[in-house]
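# Sequence first, then the predicted structure:
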Amino acid sequence: MDEHTVLEHLGNLGVILLAVLLSTSLHYLFLRHLNRGARLALKFPQIRLGYGVIVALIAHSIEVALFALAYKVSISSGFGALEGNFEGSIADHLYFSYAAFTTVGFGDIVPTGPLRLLAGMEALTGFVLITWTASYLYLEMTRMWKIQS
């Protein structure tokens with residue numbers, strides 16, 4: 001492996017690591033906000049859970065946007081391409097990122113080259129963060145049911 005290839009792989013791994021760390025840190029902050037703010041809505045559990053779902057959707061959407069930006073940076077840095085039904089718009093980047101993050105993977109847009117690793121890490125990160133959110137909301141529902149009993 002020549003020096004240029006090693007630097008490309010390190011750059012690709014750096015983009016991946018940054019996207020994972022930023023999205024995970026952001027998710028932690030959103031859940032922390034929910035945990036603090038949810039106490040204010042103890043008297044209205046439906047609002048509390050609805051607020052939790054809305055905040056979670058906003059958090060996940062921002063995380064998806066972070067990965068969409070990572071795809072844009074990776075593609076412009078020569079770490080691969082997105083091919084298929086892809087014209088290069090921000091909407092295309094977001095669409096692919098939502099499909100990867102949620103592990104839906106429609107297949108109409110396909111990553112090539114080292115970009116495949118970013119897509120795989122986004123799917124794994126999305127799975128972890130969505131599960132984290134589901135666990136949090138489940139715990140909140142359990143707490144509310146205990147209070148209401």
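Arrived safely, thanks for sending.
# list the contacts for Glu63?
Ser23, Leu26, His27, Phe101, Thr125, Gly126, Leu129 (CB atoms under 8 Å, 6 or more residues apart in numbering). The way it works is simple: take the backbone N, C-alpha and C, and place the C-beta from them, glycine included.
# any idea how far Leu129 is from it?
6 Å (CB to CB, to the nearest Å).
# hey, what's in contact with both of those two?
Ser23, His27.
# hmm, back to that, columns neighbour count, distance to Lys72 and secondary structure on top of the contacts of Glu63, output as a markdown table?
Listed next are the contacts of Glu63 as a markdown table, based on neighbours: other CB atoms under 10 Å; distance: CB to CB, whole Å; DSSP: H, G, I helix; E, B strand; the rest coil:
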| residue | neighbour count | distance to Lys72 | secondary structure |
| --- | --- | --- | --- |
| Ser23 | 25 | 15 | helix |
| Leu26 | 16 | 18 | helix |
| His27 | 22 | 21 | helix |
| Phe101 | 26 | 15 | helix |
| Thr125 | 22 | 17 | helix |
| Gly126 | 23 | 18 | helix |
| Leu129 | 23 | 21 | helix |
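# Make a markdown table out of these and add distance to Ala59.
What follows is those, written out as a markdown table (distance: CB to CB, whole Å):
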| residue | distance to Ala59 |
| --- | --- |
| Ser23 | 9 |
| Leu26 | 7 |
| His27 | 6 |
| Phe101 | 12 |
| Thr125 | 13 |
| Gly126 | 12 |
| Leu129 | 8 |
